[in-house]
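S.K.: attaching a predicted model along with its sequence, questions to come.
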Amino acid sequence: MKRLALLLPFVLSLAACGGATNNATIPTTHTIPNAAVIATFNISVPAAPSSAAAKRRPQYVSYRIASVTIAGNGVNTSGNSVTENVTAGSPGCSTSTPVTCSIPIAANVGSNEPFIVTAYSSANATGQVLSTATVTQTVSSGVSNVITLTLDPTTPFPIPANANLNGINAVAFVGSTLWFENDGPSGYLGNLNTASGTFNTFGTIPHLANATVGPDGNLWFVEFTLPGFGGQVGSMTATGTINSYGSVSLASAINSGPDGKLWFTEQCSGACASNTGDIATIPTSGAAITRYGGALSTPDSIVTGPDGNLWFTEAGNGKIGAITTSGTIAEYGGSLNVPQNVTVGPDGNLWFAETTAIGKITTSGTITLYALPQTASTAPSLVIGPNNSFWFTEVLAGAGASLIGTITTSGAYTTYSLPSYIQQPGRLVFGPDGNLWFGASVSGSVSPSGFAIVRFDE
């Protein structure tokens, strides 16, 4: 399996000051103290992928990096920090892409000297932090050393501690604000200002499930509760005003339909016997709910397909279904392994996930499965990204580890291990910054609450 990040080599060519043979390449931005040696960081920044690229892959060093800061006790400068721009034509950098930069710094001689490297999206250590890494190196005069770093492309935003935290999923971006949901008995909707890192939470919504942005610009949600326990369909404005409508039973997913209404799945009705699920719709006015079916087997996820119908998964009988806006239902398959998370692919087909495969179904009902490289404990989340890339998260069965990956429309996988602090990655959302965002349960050392919103940078 490929690692999450490509390796970024930093080549440290060390020589006693005054005896170095490469002084002519030292940028004039730094003065090398007599007590230090010269450490030259050679960095290659890749060219940006073409617009015709079949899929987007992480590149570390990212092509978006404009500057780096090298800091720590191993750096012999005022403030123990050096900042250099690494764009084409910067001092010490080539003028063509891929850009190759040679960054000499003053380094202290000693054992296990630390170097913290931070990459930024703008010049002079400004803009977005794209990735970071820490490495220790024994620094000696008169020798050459090679340091290989893996820059961590994930940045956690710890969610403040709350007794009601149960599970975090990203919902959608509105501008630079990411909305997310916390499910469980005392769930809520919240948002993260990605510029300031501040969180807000709204309401108490029991067993909140799979919120979405509706055609009216409000957030819409359903409640996954048994009959008689007050489950409803709800909406919330951007300022936090919540309205609730109707009565639902084990409603598990909601999405916007092609008719300007909200469509959702209910896994049971009445006495909640098996095969009593339905597909339901509600207008943004909150008027009466209309239901279709009534004999579906645990309908789960739902999405508007490229053919103008609503497509849904039936986890109970291994089928994929489609329903017209007038209520006519067709079902396909029957031997799938708990299909979930249906979404529209970049190829005009519907895509879905199982614990053992990611599959696609044409609008005429032909199903193709692509076995996952490793079995998942839950069906992976799927999302379409820039350049028609298809991304997913996966929690590996029995291993406790998690990964993120891509799949082409022909079924070829590329996967990257996520850092061990991420234990349960949730639903993926692509942000306006071009990065992946998701909620996750994380180790307590990263977030005292045990949960965080995580940014996965390119």
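M.R.: Alright, I've got the coordinates.

S.K.: which ones are touching I205?
M.R.: The contact partners of I205, by CB atoms under 8 Å, 6 or more residues apart in numbering, come to G187, Y188, L189, F221, E223, G234, I242. Yep, even glycine has a C-beta here, placed from its N, CA and C like the rest.

S.K.: and the residue nearest to G240 when sequence neighbours are not counted, what element?
M.R.: Counting by CB to CB, 6 or more residues apart in numbering, G240 lies nearest to F202, which is 4.0 Å off, once chain neighbours are set aside. Per DSSP states H and E, F202 falls inside strand 198-205.

S.K.: got the CA positions of that strand in PDB?
M.R.: As requested, C-alpha coordinates have been extracted for strand 198-205 and formatted as PDB (Å, rounded to 0.1, in the frame of the first residue of the first chain):
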ATOM      1  CA  THR A 198     -13.900  28.700  15.800                       C
ATOM      2  CA  PHE A 199     -16.800  26.400  16.400                       C
ATOM      3  CA  ASN A 200     -20.600  27.100  16.900                       C
ATOM      4  CA  THR A 201     -23.300  24.600  17.800                       C
ATOM      5  CA  PHE A 202     -27.100  24.800  17.300                       C
ATOM      6  CA  GLY A 203     -30.000  23.000  18.800                       C
ATOM      7  CA  THR A 204     -30.600  19.600  20.300                       C
ATOM      8  CA  ILE A 205     -31.600  17.200  17.600                       C
END
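
S.K.: identify the bridge partners of the residue nearest to G240.
M.R.: L189 (DSSP bridges).

S.K.: separation between it and T177?
M.R.: Counting by CB to CB, to the nearest Å, the gap from F202 to T177 is 12 Å.

S.K.: T378 too?
M.R.: T378 sits 27 Å away from T177, going by CB to CB.

S.K.: now that G334 has come up, it's in contact with G318, right?
M.R.: Yes: contact status for G334 versus G318: in contact at 5.6 Å, counting by CB atoms under 8 Å.

S.K.: next, the buried residues of stretch 406-423.
M.R.: Of the residues in stretch 406-423, those with enough neighbours to count as buried (16 or more other CB atoms under 10 Å) are 406-409, 413-419, 421-423.

S.K.: next: stretch 92-108.
M.R.: Within stretch 92-108, the residues that qualify as buried are G92, C93, V99, C101, S102, I103, P104, I105, A106, A107, N108, counting by 16+ other CB under 10 Å.

S.K.: and for stretch 280-295?
M.R.: Within stretch 280-295, the residues that count as buried by 16+ other CB under 10 Å are A280, T281, I282, P283, T284, G286, I289, Y292, G293.

S.K.: settle it for me: which of F202 and T177 has more neighbours?
M.R.: Higher neighbour count among F202 and T177: F202, with 18 against 15, using other CB atoms under 10 Å.

S.K.: contacting residues around the more buried one?
M.R.: Counting by CB under 8 Å, 6+ apart, F202 makes contact with Y188, L189, G190, M236, G240, I242.

S.K.: one step back: of all the buried residues of stretch 280-295, which comes closest to I323?
M.R.: The nearest member of those to I323, counting by CB to CB, is Y292 at 6.2 Å.

S.K.: I'd say that closest one and I279 touch.
M.R.: Yes: applying CB under 8 Å as the test, Y292 and I279 come out as touching, 5.1 Å apart.

S.K.: list the residues that contact both of the two?
M.R.: Residues touching both Y292 and I279 by CB under 8 Å, 6+ apart: I323, I329.

S.K.: got phi/psi on the residue nearest to W220 when sequence neighbours are not counted?
M.R.: If you skip the residues right next to it in sequence, W220 has G214 as its closest partner in space, 4.3 Å away by CB to CB, 6+ apart. For G214, the backbone dihedrals (degrees, to the nearest 10) come out as phi -80, psi 170.

S.K.: what about G214, distance to N255?
M.R.: 9 Å.

S.K.: for S449, same thing?
M.R.: As for S449, its distance to N255 is 29 Å (criterion: CB to CB).

S.K.: the more surrounded of these two?
M.R.: Between S449 and N255, N255 has the larger neighbour count (other CB under 10 Å), namely 22 against 17.

S.K.: got CSV for the contacts of F202, with distance to L165 too?
M.R.: Rendered in CSV, the data for the contacts of F202 read as follows (distance: CB to CB, whole Å):
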residue, distance to L165
Y188, 9
L189, 13
G190, 10
M236, 19
G240, 19
I242, 19
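
S.K.: now the strands for the stretch 151-300 of the chain?
M.R.: Taking DSSP state E, counting those that start in this stretch, the strands of the stretch 151-300 of the chain run over residues 154-158, 168-174, 177-182, 187-193, 198-205, 208-213, 219-223, 233-236, 242-245, 251-256, 262-266, 277-282, 290-296, 299-304.

S.K.: which one, of those strands, ends up nearest to S326?
M.R.: strand 290-296 (8.9 Å).

S.K.: residue contacts, G72?
M.R.: Contacts of G72 were listed using CB under 8 Å, 6+ apart, and they are N80, S81, E113, P114, F115, I116, T134.

S.K.: settle it for me: which of G334 and G318 has more neighbours?
M.R.: More crowded of G334 and G318, by other CB under 10 Å: G318, with 16 against 12.

S.K.: apart from its neighbours in sequence, what residue is nearest the more buried one?
M.R.: Spatial nearest neighbour of G318, chain neighbours left out: L336 (3.9 Å); criterion: CB to CB, 6+ apart.
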